[in-house]
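**Student:** build the 3D model from these lines:
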Amino acid sequence: MATKPTLMARLRRLLGRPEDETRLRSTVSAAQAVDLVRDGAALVDVRERHEWKAGHAPQAIHLPLADLADKAAQRLPRDRPVVVVCASGMRSRTGAKQLRSLGFDATSLAGGMPAWQGAGGAARR
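**Tutor:** You can find the predicted model right below:
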């Protein structure tokens, strides 16, 4: 009987990583991010409150970049990958780097929310 691949095995295959490589790349495309989130990764939006209110992914956890280091341990799951999104991809790179330094398996979504939506990711106001 075949066993179902683990989330990490599916992620490694999706990202073209060897089986023994368990960490995500520092940045992923929007299409990869949509797949990662669909497969169980957490999505963290590091934009400011007014940006969040203008439109965000419905499954996203809102955690502004300024609060990320202080609140990540309480608000984010450690047992699954984390995709970080912002408006353009600049703040999300900083956020993903901060999360990796805290021990999270985090990656930045290149291109921000416009890329997320362009790749078929949902957004609501």
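
**Student:** which residues touch the residue positioned nearest the centre of the chain?
**Tutor:** Per CA atoms, centre = their mean, the C-alpha nearest to the average position across the chain is that of Val83, at 0.6 Å. Contacts for Val83 (CB atoms under 8 Å, 6 or more residues apart in numbering) come out as 28, 33, 36-37, 41-44, 106-109. For every residue, glycine as well, the C-beta is placed using N, CA and C.

**Student:** secondary structure class for it?
**Tutor:** strand (DSSP: H, G, I helix; E, B strand; the rest coil).

**Student:** against Gln32, how distant is it?
**Tutor:** Between Val83 and Gln32 the computed distance is 9 Å (CB to CB, to the nearest Å).

**Student:** kindly report the same for Ser26.
**Tutor:** Note on Ser26: its distance to Gln32, by CB to CB, is 12 Å.

**Student:** any weak-confidence spans in this structure?
**Tutor:** In the predicted model, the chain carries pLDDT under 70 at residues 1-6, 8-22.

**Student:** do a quick rundown of the strands in it.
**Tutor:** Ranges of strands in the chain, per DSSP state E, are 27-28, 42-45, 61-62, 82-85, 106-109.

**Student:** distance to Arg75 added to the ones you listed, as a markdown table?
**Tutor:** A markdown table is the format used below for the strands of the chain (distance: least, CB to CB, whole Å):
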| stretch | distance to Arg75 |
| --- | --- |
| strand 27-28 | 21 |
| strand 42-45 | 8 |
| strand 61-62 | 6 |
| strand 82-85 | 11 |
| strand 106-109 | 13 |
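
**Student:** quick one: which of those strands is nearest Trp52?
**Tutor:** Nearest to Trp52 among the strands of the chain is strand 61-62 (5.0 Å), distances taken as CB to CB.

**Student:** can you give me the helices in this structure?
**Tutor:** With DSSP state H as the criterion, the chain has helices at 7-14, 30-38, 49-54, 65-75, 90-101, 112-118.
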